[in-house]
Structures are given as structure tokens and as C-alpha cells.
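Colleague: My questions are about this predicted structure, shown below with the sequence.
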2 protein chains.
Amino acid sequence: MSGVSRRKLLGLGAAGVAAAGASVAGARMLLDEPAPMPVSAVSALDSVAFYGEHQAGIATPAQDRLHFAAFDVITTKRSELDALLQEWTAAAARMTQGQEAGTFGAVGGVPEAPPDDTGEALGLPASGLTLTIGFGASLFDGRFGLAGRKPAALRELPRFPGDALLPELSGGDLCVQACANDPQVAVHAIRNLARIGFGRVSARYSQLGFGRTSSTSRTQATPRNLMGFKDGTANLKLEDTAMLRDHLWVAEKDGPAWMRGGTYLVTRKIRMHIETWDRTSLAEQEAIFGRDKGEGAPLGLAKEFDEPDFAKKGPDGAPLIGEVAHVRLAHPSSNGGARLLRRGYNYVDGSDGLGRLDAGLFFMSYQRDPHRQFVPVQRALAKNDVLNEYIKHISSGLFAIPPGVRDGGDYWGRALFA
Amino acid sequence: MSGVSRRKLLGLGAAGVAAAGASVAGARMLLDEPAPMPVSAVSALDSVAFYGEHQAGIATPAQDRLHFAAFDVITTKRSELDALLQEWTAAAARMTQGQEAGTFGAVGGVPEAPPDDTGEALGLPASGLTLTIGFGASLFDGRFGLAGRKPAALRELPRFPGDALLPELSGGDLCVQACANDPQVAVHAIRNLARIGFGRVSARYSQLGFGRTSSTSRTQATPRNLMGFKDGTANLKLEDTAMLRDHLWVAEKDGPAWMRGGTYLVTRKIRMHIETWDRTSLAEQEAIFGRDKGEGAPLGLAKEFDEPDFAKKGPDGAPLIGEVAHVRLAHPSSNGGARLLRRGYNYVDGSDGLGRLDAGLFFMSYQRDPHRQFVPVQRALAKNDVLNEYIKHISSGLFAIPPGVRDGGDYWGRALFA
């Protein structure tokens, strides 16, 4: 099965696969009843290019599902870590194109050996899978001779008021963000990277998410978070290349050289007390967000994308958008122009044993400098946001996201290890 | 927003909505770029009828996502429980048709009151949502005067060898299975039922699942479980109405009368040691299942749906399908003809803190009599199945699934409380 893409197993050509809007369950139905479908350039079934100046999965239209994993490196040998990153890159290049993780496939190769793909994604299309790697501060602690190459921007985040961080769900030497439109495809990818890394890395924590809570493209509608509000209206969008240059991608002058074209990822697992939220009045919910719940318009305005008018006052003389409304606190004008590319997901981890859903937001933001962008925004929110009564930050991560892999000879982190 | 379906919010008519294969991310894309699409009778976006002889979500083509919840009843008043079931039925009838949980909608009604829908599914189509209720044995313990109405088939399951059941993840007075092609829609439904039940029920445990691991219709391809094998090839299918009559639906003679047209649900959360499995050779994996991994054919045969030939021997004189191969142990011919309608889902609950994915199968099977169908199959598997080295049953549930709601005047369990 060497080199055979899952797409080809389906008997589908590269161009004619996708209906506008066809998706995952769609893929499954395709398996059952192949039918002529209209052609679309980008569909939820298609593959996303792996090679490029930047890693995919950042300024890529946000897929609908997440499997995020943080790993501890357990080998102490730099050469083994370096080799692992090369193997991971090769597997990622294959899996993102709808192929199996290994060149022999799950079902070919040697019966006496374990399969080099676990097989549960056989027959499924690429489903927009992207795999994005990051390096945590602890990777630069001296074990691998990388201490001198640690970016200044990777220094520890400050403690924010109200933080209730669980160490076992925070940090990590490496992280991999798998996003796809089918959770089975995202889970398959993380699992096979963990399998390949056996004996060299160990999964520290991982998180499934659904219902992307931000749009990263103007072609996407703004989705709703588990508080029922549209979220991330003011997000950086991939079409705004000048904004991405200024706020997202690391420039040469930012240093170090190996990070040029990269970015930084902040993760925060934010538990929501949704049962309490659900007993709050609509008026209070809208005042807390500073937007109306249905349309998502800033209070006092009509449309979601209307620019908030923070000066506008109601009949009582008070600002329609309160001084501590979420939309005001998080707005670039309140934070020295700081902007983020948010790429978070809703999560539900079952129930908490106390009769409540264990649910919330796995927040992820990409930015050029977390200390100048994420930190001031989060500081303002942690100090003043009335939402804090309904949420709790329980994990935190900060990762340097290296630039993209240029071609088949390049690999994740090559410039770091060079 | 009274009576407005989410579908209508999208500006989509009832008939012309769905592409063959269009799905969830598809729904989101529709929001962004409405485009003419081919018509299909059943799509992943459509609604499933709520009223009928049987509850939906059983002999319904298996959707791709699950949110299952078990509840403890915390009120001791029969009238409050009866009222809750009426309120739940009304909300379920609405939500399964793509409407909000309450008649005032999330964003209409009274600003001073909490919204009567939590809002996170606003703008999403029905997505095939089904809501299926069940009653656990503990509901008949005397608190509600129901002891005399407990079905004999609801008696406790025996303990099986190797069971490692966690009481806090087992049992429950009530259960609701929410299946949909969008997890946000399934989560929204369970959450709003929990919200409506505040003060009367408390969530005992809940479970998200993805990648249906069985087909319940001949129009569906057989999906793969997290061991990478096709699962549920021999499942009961909705097209086989005579088989469903014999093996699925409770008949009048089975008693009690209120269960006629109902069925019984067994749930088992089965943790898989996937890292160990992934280091097992392909030949060993295939011997354990008794099927080949790629096609899913019984060993010695060519095609998935070929009937296993348990007598066929290899060159060494031993049966090609071993005496303890999973396919042999689970086959009706080994279990007095017992058949199940399986409707389970893969799950990944993150990592386990020991470097392993916390993953497996949330097994669900529907059958006319669990003690004559599920029990003999599970007894054979628990005793002999080599798979037991790779799995652990950590939760168990048994629920009486009442018949369908006939019309707007009927409700879940009316015949039980009458």
C-alpha cells in the first residue's frame, strides 16, 4: 500500500471529490453511495498543503475539530530527538495528504511486525488535516544543548489573578495541534505520532475539541462558544496579510533566526461553569459580553461586524457597553493595539461527578509576541472581566511555533538543531 | 423566535437543503456561502422524525457523533418527575427538528429571565439529532411507586470476568442518548435537558463519542474502531424488519405492557490499551479478530460480508479462524442465535497522566432481552476473547427504552406513569 492515499482508496479523483459543504459524515456517505457532486476548490474533505513558508493550521481556515497533545521528551539524547522530529515530519507530510503514517501502510508490509499505521483512518479522506508543531520552554533547559537558542518571547507567562492551573495539564516540551473536519482523522494523527515517538516522548496531556470558536477566514461565519455567544468576531483573518505580518509572524529582527516565519502559541484550558451561566438573565449575559446574543452586534449597534462604539451612552447616561464588558476589555484599543489570531475549540470532557458538565473552551491564540499581545489582553480580562465569575483557567501552555517545512529535505525544527 | 427552526434561520427550505453527503462543517460552510446543491432525501443536515411507534436513535442510520448522559433523579416527588418527563419530551420534539429548546428561544422572551435555550446551536441545522430516553433499574426502587412496574429484563447484569466497573460511571436512574452529525448539536441537546431538569435531576456521568463504530443501515459502510478494524459487520440493520421484530423490539407477550414497542440498552465503556495494541504484529491482530485488517473479510475469505467459515482449515490443519477469535466468539451461531443492534462510538478522553491516550469504545447495544442476547455474547467474550489483554470494561449501564412518543399529547414514559 506504499504511497496510496486514502482518497485514492475511495476511488475519488483529486479534483472532483468535494461538494461545496460536503464533510465528514459526508465522506462516510460517499463511501456508501458514490454520486456525482459539484466541484469546489476547498472542501471539508480536501487536503491542505503541508509544505510552505509557515506551518499549516495557523492561517488556515479553522477546521471544525481539534486533537491537541503536549509531549514530554523522555530520551536524553539530542540525536534521538532530532531523528524523531525527522520521522514525525515525514509521517505528518503523509497523513495530512490522506495517506497512512508509514510507507508500508497499515495492512501491507510484514505480518510479523506491528503495522506502521494504526488503521482507523483507512478509507477516510484527508478531511482538512493540519499538524502544527511547537517547542515549549522546557525543551531549552539544557538537556539537548539548546539553552542558547531559546527565544526571549518564550519566557514564562506571568501569573494572572484567578489562575488555577494544574501543572499536569500545563506546559510540555513539545506540542502538536491536529485540526481536521473529522475527529477520527485528528485522533489518528496524534496517536500515530505518539506511536512513532514510543520510548522517546510520552504524552503529557491531550485535549479533544469541537465547534471551532473562531473564524480565521472572511469566508467563515463566526461560530458560537458554549456560552451561546458568537466568539472571535474581531479575530485576525488570513486574508489580511499585512495584519498577519504585523501581528502574527515572527520577523527577522524579532530573532532568533530559526524562528523567522514562525509564531508563538498560547493555550489556556478554560473551564466554564455553564450551569451557573445558564441561570443568568439574558440582559446580564449580554451586558457581560457587550454584545447581543442573537446577532452578536456590539450593544447599541445592529450588526455583528459593526465597530463597537464605546462612547455611546444609553438613556441613563451610562455607556451602552459597560466599562468592564468583555468586548471592551479585549478590544485592541484597550490593549495598545494588541491583536491575536484565536483558534480555540469548545470541549466537553463528560461530567465532573458533581452533577455538572465538565465543559468549556480550549483557548488557543497565535501571535508574534505573547508578552506584548496575549499578556496585556489576559491581564485586563483577569483583573476586570465579569466573566471570571463563570470561568476558571485550569491549564496554560506557551510554545514557539517554528516556520514551515520547505520541502521533503527539510523537517520540523531543522534550523533549531542545525 | 417562537417556533422558528434553526433551518429557517439559515434561509433554507425543507426540501432543497442537503447535498448527498453534506455534513456538519458543511452546514457551517453553507452559512458562509449558500450555493445551489443537489437534493437528497436523507442528509447529515436533515432532521429525523421525533414521533413514531419506536423512539428514534435506535433503528435510525447511525449518526457520527454521540453525547450520552446518565442522570440521577434528585426530587423525591413522583409528580415532579412526571412533569419533567413532559417538559423534556416537548424540548426534545423541538430540538430534534432544529428548533430551540424552549418556545421563547434563546434571544427572545424576557431579558430579565435566563434564556430558555442556551444558544450555542443557533444557526446550526438539525444535523440528524435524535434523543432517546431510557429508565434504569434504580428508578423502580420504590421512591416513585414504580416498583411493581419494573420489567424482569431490567434485572441486574451478572458480573463478567475481568470487569473493572467504576460505580460513578455506571447505572443511573435515567439516560439520554443524543446522536447527531454535529457534536455541538448533541452537546447542546443534553445540556438543555440538564438545564430544564435543574433541581430535579443531576448529571451522573456523560460521554462524548465520535466515529460511529457500527452501521445500522445497509446504506452505510462499516466504520473502523480504534483498533483499526471494521466493527459491527454482522450488526442488525434497520432494513431487516423481521429481524428487528425478533431481536430488537419488545413484543406484547414479553411484558410489561408499557414496554411494548420499546427495547433495552446496554452500555459498556471499554478502555483500550491502544499503545500495547499498536505494538502487536499485524498477523496477531488479525488472528485475534478473525478478520483481515484491510478489507475486514473473515480469515480465509475475500470479502467483508462473506459469511465466516469456521470449519475451514489452514495448511497446518488448524482452523483459519481460531477457536477464540473474536468473530467466532461473538457470532450468533456460538450464542444460541443471539443478535444485537450495536450503536457504539469511539471515545478519547484526553490522556491518562501515564503517557497513554485515555481512549476506547463506548459500546452500546439495543436488544429485546439483554439477558438472552447481550449476556451470553459478553460471557463468551469475557471468558475467552484474547482481546481482553487489550481492553478493560470500566462502566456498565442497563436501561429500559420505552416505545416512541405517538404525538404531541403523548410523552416519554406516559404509559409507565399512567
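Modeller: Cool, got the structure.

Colleague: Ramachandran coordinates for A:Gly136?
Modeller: In this entry, A:Gly136 is assigned phi and psi values of phi -80, psi 160 (degrees, to the nearest 10).

Colleague: what pairs with it across the strands?
Modeller: A:Gly136 has these beta-bridge partners by DSSP bridges: A:Phe399.

Colleague: What degree of burial does it show, as a neighbour count?
Modeller: A:Gly136 has 24 neighbours, counted by other Cβ atoms under 10 Å in any protein chain shown. C-beta coordinates here come from the backbone N, C-alpha and C atoms, glycine included.

Colleague: Would you confirm that it contacts A:Ser170?
Modeller: No - using Cβ atoms under 8 Å, A:Gly136 is not in contact with A:Ser170; the gap is 9.7 Å.

Colleague: any common contacting residues for those two?
Modeller: With contacts taken as Cβ atoms under 8 Å, 6 or more residues apart in numbering or on different chains, the residues that reach both A:Gly136 and A:Ser170 are A:Gly397.

Colleague: Confirm A:Cys175 sits in a helix?
Modeller: No - read with DSSP: H, G, I helix; E, B strand; the rest coil, A:Cys175 is strand and lies in no helix.

Colleague: Bridged to it, which residues?
Modeller: Judged by DSSP bridges, the bridge partners of A:Cys175 are A:Ala70, A:Gly134.

Colleague: wait, doesn't it sit right on A:Ala137?
Modeller: No - using Cβ under 8 Å, A:Cys175 is not in contact with A:Ala137, being 11.7 Å away.

Colleague: chain center to stretch A:93-101: distance?
Modeller: Distance of stretch A:93-101 from its chain centroid, counting by Cα atoms, centre = their mean, to the nearest Å, is 19 Å.

Colleague: Could you do stretch A:346-353 as well?
Modeller: How far stretch A:346-353 lies from its chain's middle: 19 Å, per Cα atoms, centre = their mean.

Colleague: can you check stretch A:385-398 too?
Modeller: Relative to the mean C-alpha coordinate of its chain, stretch A:385-398 is positioned 18 Å out (Cα atoms, centre = their mean).

Colleague: mind listing what A:Asn235 touches?
Modeller: Counting by Cβ under 8 Å, 6+ apart, A:Asn235 has contacts A:Ser214, A:Ser215, A:Thr216, A:Leu340, A:Leu341, A:Arg342.

Colleague: between A:Cys175 and A:Ala137, which one's more packed in?
Modeller: Taking neighbours as other Cβ under 10 Å, A:Cys175 and A:Ala137 compare with A:Cys175 leading, 25 against 19.

Colleague: thinking again about what came up before, quick check: of the contacts of A:Asn235, which lies closest to B:Arg379?
Modeller: A:Ser214 (49.5 Å; Cβ to Cβ).

Colleague: Please look at that closest one and A:Ala62 and confirm they touch.
Modeller: Yes - with contact defined as Cβ under 8 Å, A:Ser214 counts as touching A:Ala62 (6.1 Å).

Colleague: what touches both of the two?
Modeller: Common neighbours of A:Ser214 and A:Ala62 (Cβ under 8 Å, 6+ apart) are A:Arg343.

Colleague: So for these two, which sits in the more crowded spot?
Modeller: Counted by other Cβ under 10 Å, A:Ser214 and A:Ala62 do not tie: A:Ala62 has more neighbours, with 28 against 25.

Colleague: does any part of the helix ranked longest in chain A sit near chain B?
Modeller: Assignment by DSSP state H gives helix A:78-95 as the longest helix of chain A. No - shown here: helix A:78-95 not in contact with chain B (Cβ under 8 Å from any Cβ of the partner chain), separated by at least 13.5 Å.
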